[in-house]
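Asks: quick one: sequence plus predicted model below, questions after.
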Amino acid sequence: MRVLVIEDEHRIANTIKEGLEQERYVVDVAYDGEEGYDLAATEEYDAIVLDLMLPKKVGIDVCKDLRKDGIHTPILILTAKSMTKDKIIGLDSGADDYLTKPFSFSELVARLRALSRRPNKTVNETLKVDDLTLDPRMCRVERGGQEIELTNKEYSLLEYLMRNPVTVLSKDQIINNIWNYDADILPNTVEVYVKILRSKIDKPFPKKDPLINTVRGFGYKIG
């Protein structure tokens with residue numbers, strides 16, 4: 001799951017980023033409204049955590065403009081403003097939920113998971129390809145009932161492949177979806193991670209058909 005955090009207080013933004021990454025989210029951070037709007041308008045995210053009191057472009061305007069542009073990524077407003085009228089203004093601007101500061105991190109994660117369960121979203125559903133399963137809620141991967149230990153980035157790559165079964169995904173698509181937008185990643189980095197995944201998903205099961213396949217000249221697919 002890829003999340004954009006738009007928050008000008010660096011300490012809060014970085015704490016959220018670190019916490020979400022421990023939950024195996026991929027997280028980008030913007031420290032002002034203009035940068036946040038540009039990222040939200042050009043990159044694909046599963047959810048946006050948006051502060052209201054932002055420099056350069058306030059959160060309400062970010063939210064309104066994204067909705068005007070037809071971008072329907074779920075938005076969780078995060079702000080110190082707790083008055084009912086402020087909540088109403090935020091929700092009427094197109095936000096999906098509202099969380100006031102100070103907040104508990106566990107509640108933030110719970111609300112993001114709830115947003116992901118909106119109609120036509122399957123972020124929390126267990127993924128299955130052949131006898132390989134991935135449970136996003138438990139961050140658990142199994143093949144044939146045998147648990148497979150993965151690092152955060154290996155998990156993110158496998159999840160992205162499993163959310164697009166039988167679809168050939170290019171290296172650029174993989175980089176754009178499982179690394180931060182400003183990460184300096186080379187295409188052969190993807191090859192390295194695919195090789196590691198194969199060593200954990202396919203190699204220990206020599207009697208089973210390999211699940212992670214290379215389509216030469218195009219990219220990779222699972223299933």
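Replies: Looks like it came in fine.

Asks: worst-scoring helix or strand of the protein, pLDDT-wise?
Replies: Within the chain, no helix or strand scores below helix 84-92, which has a mean of 71 by mean pLDDT, DSSP states H and E.

Asks: what does the longest helix belonging to the chain rub up against?
Replies: The longest helix of the chain (DSSP state H) is helix 187-201. Helix 187-201 has contacts (C-beta atoms under 8 Å, 6 or more residues apart in numbering) with 132, 143, 148-150, 153-154, 157-158, 171-172, 174-175, 210-212, 214, 220. (Glycine included, C-beta is placed from N, CA and C.)

Asks: which of these fall in strands?
Replies: 132, 143, 148, 212, 214, 220 (DSSP state E).

Asks: including distance to Ile185, could the residues you listed go into JSON lines?
Replies: As requested, these are exported to JSON lines (distance: C-beta to C-beta, whole Å):
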{"residue": "Leu132", "distance to Ile185": "25"}
{"residue": "Arg143", "distance to Ile185": "27"}
{"residue": "Ile148", "distance to Ile185": "24"}
{"residue": "Ile212", "distance to Ile185": "19"}
{"residue": "Thr214", "distance to Ile185": "19"}
{"residue": "Tyr220", "distance to Ile185": "15"}
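
Asks: quick one: which two of these are the most distant?
Replies: Ile148 and Thr214 (20.1 Å; C-beta to C-beta).

Asks: neighbour-wise, which of these two wins?
Replies: The residue with more neighbours, out of Ile148 and Thr214, is Ile148; 20 against 14, by other C-beta atoms under 10 Å.

Asks: state the number of residues packed around the residue nearest to the more buried one when sequence neighbours are not counted.
Replies: Using C-beta to C-beta, 6 or more residues apart in numbering and skipping residues adjacent in sequence, the residue nearest Ile148 is Val141, 4.6 Å away. Val141: 22 surrounding residues under other C-beta under 10 Å.
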